[in-house]
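Undergrad: 3D, please:
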Amino acid sequence: MTSTRRILPALALVIALTVAAAALALSGAPVPPRKAIVTSQGLKTSTALGSYCANDEAEDGPGAAGCGDAEYPLHPRTFVPVEPGSTVRVNVRRRAKAVEGRLVQGRDAPWGFVGPNIKGTPVAHTHGRIWRLHMPDDLRSADALSFFVKFRGDDDADFWVGVKPVEQWP
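TA: This next block holds a predicted model:
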């Protein structure tokens with residue numbers, strides 16, 4: 001009896017969230033992009049989503065557009081190992097036109113971008129969903145990787161993932 005009392009409220013919450021998501025999808029409101037998946041040194045994690053803009057054009061009407069702004073610096077909860085000159089793979093989970101990254105030093109204030117811009121290269125046969133970012137030879141004590149994605153159409157988004165040098169991994 002006790003487990004039934006715990007299950008029913010949880011089930012009601014799941015149903016309410018499903019109905020709300022379906023209503024939002026039917027309303028034509030733009031949907032934020034899903035978190036990207038980052039792979040480095042054989043480890044995989046998701047990202048923190050920063051600011052984004054989405055435009056859902058409708059064939060028979062005006063459609064909807066909107067943006068979401070995040071407070072920076074972002075605070076990614078997960079990390080991937082990186083080495084100077086290594087490659088990080090980024091799965092943005094839908095077709096993209098361009099991906100460009102920057103290393104971030106100081107995930108807490110004060111923070112800033114360090115090192116050069118990192119131009120992404122699309123992985124063949126992934127239709128622009130997976131990109132490679134080649135880390136610079138000097139990581140400059142970076143503790144996050146920020147990457148900006150231009151999706152097909154006018155959509156764009158900024159993602160962050162925490163990074164740690166390989167030597168700092170257990």
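Undergrad: Can you say which helix or strand has residue 7 in it?
TA: helix 2-27 (DSSP states H and E).
Undergrad: Skip ahead from that helix and say which helix or strand is next.
TA: Per DSSP H and E, the first helix or strand lying C-terminal to helix 2-27 is strand 37-40.
Undergrad: Quick one: list the elements packing against that following strand.
TA: Applying 3 or more C-beta pairs under 8 Å, 6 or more residues apart in numbering; DSSP states H and E, one finds that strand 37-40 makes contact with strand 43-46, strand 79-82, strand 87-91. (C-beta placed from N, C-alpha, C; glycine too.)
Undergrad: Which strands border that strand, and is each parallel or antiparallel?
TA: The pairing partners recorded for strand 37-40 under DSSP bridges are strand 43-46 (antiparallel), strand 87-91 (antiparallel).
Undergrad: need these in CSV with mean neighbour count, can you?
TA: Formatted as CSV, these follow (neighbours: other C-beta atoms under 10 Å):
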stretch, mean neighbour count
strand 43-46, 14
strand 87-91, 20
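Undergrad: By mean pLDDT, flag the weakest helix or strand of this structure.
TA: helix 2-27 (a mean of 57; mean pLDDT, DSSP states H and E).
Undergrad: how close does residue 86 sit to residue 135?
TA: According to C-beta to C-beta, to the nearest Å, residue 86 stands 5 Å off from residue 135.
Undergrad: just for the chain, where's the confidence low?
TA: Within the chain, the segments meeting pLDDT under 70 span 1-6, 8-14, 16-30, 57-63, 109.
Undergrad: returning to what we had before: same list, the helices and strands packed on strand 37-40, but as TSV with distance to residue 161 please.
TA: Putting these into TSV (distance: least, C-beta to C-beta, whole Å) gives the following:
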stretch	distance to residue 161
strand 43-46	6
strand 79-82	6
strand 87-91	8
